[in-house]
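# coords please:
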Amino acid sequence: MNSNITPKRQSLQLLKQLKKVLYFSVLIIFLSCNNKKFTKELWNKQDDLHEYPYRKDIIDDLLSNYRLKGLSYDKLIDIIGLHDDKIIMGTANEIYYPIETKYEILGIDPIYIKLLAIKLTKDSVVESYKIIEPIEH
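Numbers count the residues shown, from 1 in each chain. Got it, this is the predicted structure:
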């Protein structure tokens, strides 16, 4: 240890180091918590490419904090909005919400699609739901 450094200066240096460690710890925690709260507005917000950039961040909150099973179709639409009727899969009593789509660089066809699939009863009540992942082309 350098004898020219006073105890007060040592304390200040230690405090500065602790501040740096605390700052980076908080930053890491903040950046790792990318889950956001579900809102209908975020769920339905589209970017310039007509993708839904927030769905992948809010899907966990939606499924954890909203009871979808047993909802009428109308109530489901009230909570999360209209589904994407361009996705044709399964049967007529299934609806799909795209969560995430990835493309090759400069590509127009998706290479990865993640969907929320909701199955309705014949009376238009949510019977079940699941995440379909990945759908790779």
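# all contacts plus neighbour counts: C-alpha atoms, from now on.
Noted.
# Can you tell me the SS state at the residue nearest to the spatial centre of the chain?
The centroid of the chain falls nearest to Asp57 when counting by Cα atoms, centre = their mean (1.6 Å). Following DSSP: H, G, I helix; E, B strand; the rest coil, we place Asp57 in the helix state.
# do the same with Glu100
Per three-state DSSP, Glu100 ends up strand.
# Contact partners for the nearest residue to it once chain neighbours are set aside?
Spatially, and ignoring its direct neighbours in sequence, Glu100 is nearest to Lys114 (5.1 Å; Cα to Cα, 6 or more residues apart in numbering). The contact partners of Lys114, taken as Cα atoms under 8 Å, 6 or more residues apart in numbering, are Pro98, Ile99, Glu100, Thr101, Ile131, Ile132, Glu133, Pro134, Ile135.
# which residues touch the second one?
In other words, Ile99. Tyr52, Arg55, Lys56, Ile59, Ile113, Lys114, Leu115, Leu116.
# hmm, 7 Å instead?
Tyr52, Arg55, Lys56, Lys114, Leu115, Leu116 (Cα atoms under 7 Å, 6 or more residues apart in numbering).
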